[in-house]
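Novice: Show me the folded form of this:
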Amino acid sequence: MRRKILIFAIFVLAVGPLLISLSVKRYYESHEQLAGKYECYPFNTCNVDFNSDGVPDSIAPNGKYTHDLRLKFFLNQENSKTEILDLKYDSTDGTFRTHVAPLVEDGVSKVVIYDTYDQGQYYFWDGEKLALNYKPSALEKQVRTAMSLRDDTGGMPIKIIVTIFSPLILYFYYLLFVAAIGSVIFYRKYLRPSLP
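Specialist: Here you go, the predicted model:
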């Protein structure tokens, strides 16, 4: 019985850290893919059609100074455009800014925001404007989490630390693990029998 417990413990110690490391790696990779699929930046590259009329709509920052920047969403018509959403916009740098992800879910145009300025983070096209969505879907929440991992105010610092140091930690862990197992085997095979 003790032998089986020992074998199981060695197995867990050998495989457990690797499985944890792989799951963390997959978590970050899947969220990066999600952000890459939905996040729209720079804004002049956004392919949006909020009212599904076939005419491309637009998102554009407005303002001269950092403290008064606004992010405006426009419904474009043939000879005019109508503002349908106006948000405070942070543009400190590429990893400290307002993140925007337009998406279509179940035929409804939606916009997901990640920043630390705007209280509203989820919007949907209600037929006239982009209105606050108080019941975001699982996809919307996942997209916002994914964008947060690209920002200094979200999980990006932890992501960088884990990405850089996880392989090193695993390397030294398994180095010590193999050394410990080897020491035990050496002791049991060569030293213990010679003890009085």
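
Novice: now whichever helix in the chain runs longest: how far from the chain's centre is it?
Specialist: In the chain, with assignment by DSSP state H, the single longest helix is helix 2-38. Put simply, helix 2-38 sits 18 Å off its chain's centre (Cα atoms, centre = their mean, to the nearest Å).

Novice: Kindly check the end-to-end length of stretch 148-156 for me.
Specialist: Its first and final residues considered, stretch 148-156 spans 7 Å by Cα to Cα, to the nearest Å.

Novice: Show me which parts of the longest helix of the chain are buried, residue by residue.
Specialist: 17, 21, 28, 31, 34-35, 38 (16 or more other Cβ atoms under 10 Å). Placement of C-beta: from N, CA and C, glycine included.

Novice: quick one: the helices in this structure?
Specialist: 2-38, 138-148, 156-186.

Novice: Just give the nearest non-adjacent residue to L132, would you?
Specialist: Nearest in space to L132, with sequence neighbours left out and distances taken as Cβ to Cβ, 6 or more residues apart in numbering, is G120 at 4.9 Å.

Novice: Name the residues of stretch 170-185 that are buried.
Specialist: If you call a residue buried by 16+ other Cβ under 10 Å, then stretch 170-185 has no buried ones at all.

Novice: residues in contact with that stretch?
Specialist: By Cβ atoms under 8 Å, 6 or more residues apart in numbering, the surrounding residues in contact with stretch 170-185 are 10, 13-14, 17-18, 21.

Novice: List the contacts of T153.
Specialist: By Cβ under 8 Å, 6+ apart, the contact set of T153 is 96, 115-116.

Novice: strands paired with the helix or strand bottoming out on mean pLDDT in the chain, and their directions?
Specialist: For the chain, the helix or strand with the lowest mean confidence is strand 91-93, at a mean of 79 (criterion: mean pLDDT, DSSP states H and E). According to DSSP bridges, strand 91-93 forms sheet pairs with strand 96-97 (antiparallel).

Novice: Export the helices of the chain as CSV, with columns for distance to P61 and mean pLDDT.
Specialist: As requested, those are exported to CSV (distance: least, Cβ to Cβ, whole Å; pLDDT from 0 to 100):
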stretch, distance to P61, mean pLDDT
helix 2-38, 19, 88
helix 138-148, 17, 96
helix 156-186, 21, 87
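
Novice: want to throw those helices into JSON lines with distance to V108?
Specialist: Below are the helices of the chain laid out as JSON lines (distance: least, Cβ to Cβ, whole Å):
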{"stretch": "helix 2-38", "distance to V108": "15"}
{"stretch": "helix 138-148", "distance to V108": "11"}
{"stretch": "helix 156-186", "distance to V108": "30"}
